[in-house]
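Undergrad: Build me a model from this:
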Amino acid sequence: MCGGGPSMPKMPEPQPLPEPPPTPPAPAPMTEPEAPTPPPVAVQQGEADAVKVKKRRTKRQEQQQQSSGTNALRIPLNTGGATGGKSSGLNIPK
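TA: As a prediction, this is how the structure comes out:
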């Protein structure tokens, strides 16, 4: 492009690479006897294990829940005495 400058010398052709060594044959697969899988065991589900399906809330109920804010997450304290018996007054488990 510049006109009269010397040109770059040509690159010599690269030497061909030697052939790679042959790959060794794959080892024979290990034949271990597999333990038979046990049959599945049916587990009896009781009332406590049953899945409970919640009733779908209406839009109004969802809106009321959202508008109540963090007060909806609070657990009201027992003032005690209403149920009778030995009560500490607070709903803290023993």
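Undergrad: Which secondary structure element is home to residue 60?
TA: helix 59-67 (DSSP states H and E).
Undergrad: Now do that helix, average pLDDT.
TA: Mean pLDDT, taken over the full extent of helix 59-67, equals 83.
Undergrad: That helix - contacts with which helices or strands?
TA: Helices and strands touching helix 59-67, by 3 or more Cβ pairs under 8 Å, 6 or more residues apart in numbering; DSSP states H and E: there are none. Any C-beta I mention is one placed from the backbone N, CA and C, and that applies to glycine too.
Undergrad: Pull out the buried residues from it.
TA: Judged by neighbour count using 16 or more other Cβ atoms under 10 Å, helix 59-67 contains no buried positions.
Undergrad: quick one: that helix to chain centroid distance?
TA: Centroid separation for helix 59-67 versus its chain: 31 Å, with Cα atoms, centre = their mean, to the nearest Å.
Undergrad: just for this structure, where's the confidence low?
TA: For the chain, the stretches flagged by pLDDT under 70 are 1-5, 45-49, 72, 78-94.
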